[in-house]
Structures are given as C-alpha cells and as structure tokens.
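S.K.: I'll drop the sequence and a predicted model, then ask my questions.
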Amino acid sequence: MPKNKKRNTAHRGGSGGGGGSGAAAATAATAGGQHRNVQPFSDEDASIETMSHCSGYSDPSSFAEDGPEVLDEEGSQEDLEYKLKGFIDLTLDKSAKTRQAALEGLKNALASKLFPEFILERRMTLTDSIERCLKKGKSDEQRAAAALASVLCVQLGPGMESEEALKTLGPALKKIICDGTASAQARQTCATCFGVCSFIATDDVTELCSALECLENVFTKSGLREKDTSVIGSSPAPGLCVSSLLSWTLLLTICPVRELKAKLEMHFHKLPRFLSSDDVNMRMAAGESLALLFELAREMESDFLYEDMDSLTEMLRALATDGNKHRAKVDKRKQRSVFRDILRAVEERDFPTETVKFGPERMYIDSWVKKHTYDMFKEVLGSGVQYHLQSNEFLRNVFELGPPVMLDAATLKTMKISRFERHLYNSAAFRARTKARNKCRDKRADVGELF
C-alpha cells in the first residue's frame, strides 16, 4: 500500500480565539444602565453571545446545505473557507457548547470537501485545538475532537504532516481509550479515530505495534471479564469493545508479515469466544474479524489450517441459522445474513462481491480486507466518503482506483438528473414493482411464471 511522503512547510493560521465573544458578553452585561458585577467570561454568557453573533459558524447543520455540489463556484469556496476560519477561532471559546459546535462544523466540512492548501497552512493550529479539547473537554467535546482528528488525517494523507499530527494527538487519544473512568462513548469514538489515524500516519513498525497493543488491551480484557465472573471490575461497554476490535483489525491489514504472524498466533484462538457475546454487534464484529484474519493467513500460507476448525465452523453455522426467541427479529435477520457470508469465507474461501458507486465510477469490493477498510473510512467520513473516493488521492491509492477522474462542467451537468425526471423514474419503477408483486400474489398465476 503506497504512502507518498509530502513535505510541506506548515504555518500557524487562524486568529487568536474567543476574546471577541467575551468582550461582547461584557458589553451586553452593562447595557441598559445595569451596574451589577457580572462575570464576562462565564460559559453561559459566552455561549449566548457567540451563538447570536456567529450562528453561521456554530451551527454544524449549516454544512448539510453546503454539500460538494454547491461548492463548485469560487465564491462559494471562499465563503466556506471564511466559515472554517470562524470555526477555528471558536474552538478556543470559553463555552464548551460553542467549542463542540465548532469542532462538529469543521468535521462536517472536511468530510464533504478537500481543502489541501487551507489545511496545510492551519494544520498546527487545528492540531493544537483538537489536543486541547481532548485533554480539557468532557464526553461530547472529546468525541467531536476525535472525529475531527480522523478527518484531518484523511485530508493530510500519509506523510510528514499527518505523522506530526498523530505524534501530538496520539497520546491524548490513547489516554482516553485506556481510561476506565472516562465516558464510554468518548472512549469508543477515540478508539475508532485512533485506528484510522494510525492507519494513515503510522510508518514505523514500533509505533504500529504500540497502537495495536493499546487497542487489543481493551477488547481482550473485556472478553476475559465476560467469561470470568471472578474478575473484579466493571466490564467495558460493548460498543467500546467493538470499536477497539475493528480498529485493531484495520491496523493488521498494514502490518509487516513478521508482526502479522506474531499477532495471529497470539490472538487467533481468542476471537471465537466473542461469538458467544450477548451483544449482536460484538458477535458480528468478531465474525468479520475472523473472516479477515483467515484471509490474511491464507495469503501468507495457502495451505493454512486452523487448529479447531470443526468447532469454529459449528459456531458460525449456528449463528448463521440462529432462531433464538430471546433475540430481536431485526438482530437475528442481520446476524444470519452476515454469518452466512462469514461461514462461506472460512469454509470455501468465498467472498460476495459488492459494488460501490460514486460519480461516474464503480469500485468492486472483492475481499474482506477491502470491505473492512471501506467500512472504517465510511464510519469517519459518513456520506462524504463518496466525494473522497472521487477526489482524495490517498483513498484512491488505498483502493487502487488510480488518479482522480477529471470531469468538465458540461459532463457533470449531463450526469445530474432534475427533480422532475427523478420523480418520473421513481413513479415508473413503483408501478412496475406493484404489477410484479400483484402478479406473484395472484393465486391463479401459473407457478412457472413465478420463476
């Protein structure tokens, strides 16, 4: 997996911080002849004044309207960069709610569009703001900061800049992940984002192994506590265990062969116990990780044999046909679908090909490694993953898509379907689907027509 090093000079960008909002709060407090001794920098006052003067900055939902399609014109690009500068300033605000809104706004913007020059000029300022919010903030602010950290690394791509960002943010993320007193939701988000950041920025085997150990310590300890009731201490939340396991599995895909073999020997036999977890997401995460580990092991040794194959396939088959009445129907349906694919992968080395469409291009997912990598980036980028697959050179290198496809304005215009045309198409499809269903429901229909 190629990692092109881009060495660019970084400058601290953005203006100083939340002093303006504090001054506005002080002015508002003395207006109308009131001379009470009011604290000008209280969280409540700063929040109200900042939101009133900078509502465009602090409302993360504003980026739902400014999608990639709206930002093609130069004026819109300049307006968006102006908003981003405001968000960067607000990450220093006295109000926790304002800082969180600014972090979320930055994350949504960076997930929806590339800003190479803008980010390079301000990456140190952004990194410092994220680190401060991770260390001083509470649960929601830490989650927003971690999410922004992962998208920042996606923007920077592999190279000196992302390595420096991870060197700054990595210790804070690891501290939250390993802190049993921290919020479970914050730890879960940090585990996912730490895995993605390490996947992008880690180029040193020692640092990669350190990241793997941090993540495996979380899910292996939780697995022991599920099985051994004599272990004292509260069990970590299932979501944290799932996130740690999936991030750990992602990092295995870029491990050198020697370290990969050592990890497989150490943990291959431990994962099947998670298939008995009470949490459906934990069971599915363990199953998908096992399928990926089998794929990696067979790439190294075509005649790879798992010691307790019969017992494992029996467990997978039971989950693929699970009819436990104590479990929700939706969970059982989803679980059976996933484990049918996992069972085929383990027994027959088969993978059901998936197709991801973005713009005029198609990406075929034909392996568990590719599927897991795509799922992790989709987790941090959301709907913006399609835009990044089209335009982000790093992601295109990861999925071997080649250089970005350049499309002129005329081609893009012809590709877009008007709302009226889309309505006509959906109506026609609905009528055709209704006719087909009615035909199948008709008891007088010939059985041969149903097939």
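M.R.: Good, I have the coordinates.
S.K.: Which of the three states applies to R327?
M.R.: coil (DSSP: H, G, I helix; E, B strand; the rest coil).
S.K.: how many neighbours does the closest residue in space to it that isn't next to it in sequence have?
M.R.: Excluding its sequence neighbours, the residue lying closest to R327 (Cβ to Cβ, 6 or more residues apart in numbering) is V280, at 7.3 Å. Placement of C-beta: from N, CA and C, glycine included. Residues contacting V280 under the criterion other Cβ atoms under 10 Å number 19.
S.K.: My read is that V280 contacts K329, right?
M.R.: No: the criterion here is Cβ atoms under 8 Å, and V280 misses it with K329 at 11.6 Å.
S.K.: average pLDDT for stretch 210-226?
M.R.: Averaging pLDDT along stretch 210-226 yields 80.
S.K.: do the same with stretch 152-161
M.R.: The pLDDT scores in stretch 152-161 average 96.
S.K.: So which bits of that stretch are buried?
M.R.: Using 16 or more other Cβ atoms under 10 Å as the test for burial, stretch 152-161 gives 152-159, 161.
S.K.: ok, now which ones touch the residue lying closest to K378 once chain neighbours are set aside?
M.R.: If the residues on either side of it in the chain are set aside, K378 comes closest to V385, at 4.7 Å by Cβ to Cβ, 6+ apart. Residues in contact with V385 (Cβ atoms under 8 Å, 6 or more residues apart in numbering) are 374, 377-378.
S.K.: quick one, helices of the stretch 1-150 of the chain?
M.R.: Along the stretch 1-150 of the chain, counting by DSSP state H, counting those that start in this stretch, helices occupy 19-30, 43-53, 55-58, 62-65, 74-90, 96-112, 116-136, 139-156.
S.K.: Low-confidence ranges, the stretch 151-300 of the chain, go.
M.R.: For the stretch 151-300 of the chain, applying pLDDT under 70 flags the ranges 222-236.
S.K.: Tell me the one of the buried residues of stretch 152-161 nearest A145?
M.R.: L152 (10.2 Å; Cβ to Cβ).
S.K.: Test my guess that the closest one contacts R122.
M.R.: No: counting by Cβ under 8 Å, L152 stays clear of R122, with 10.1 Å between them.
S.K.: List the residues that contact the residue positioned nearest the centre of the chain.
M.R.: Centrality entry for the chain: nearest residue to the mean C-alpha point is V380, 2.1 Å, by Cα atoms, centre = their mean. Applying Cβ under 8 Å, 6+ apart to V380 gives the contacts 111, 147, 150-151, 154, 192-193, 196.
S.K.: and N438, what pLDDT?
M.R.: Confidence score, pLDDT, at N438: 71.
S.K.: Relative to C241, how far out is it?
M.R.: 47 Å (Cβ to Cβ, to the nearest Å).
S.K.: Let me see the backbone angles for K370.
M.R.: phi -70, psi -40 (degrees, to the nearest 10).
S.K.: Now do the same contact list for it.
M.R.: Taking Cβ under 8 Å, 6+ apart, one finds F399 in contact with K370.
S.K.: Tell me where the stretch 301-450 of the chain has helices.
M.R.: Counting by DSSP H, counting those that start in this stretch, the helices of the stretch 301-450 of the chain are 309-320, 329-348, 368-381, 385-391, 393-398, 409-415, 419-441.
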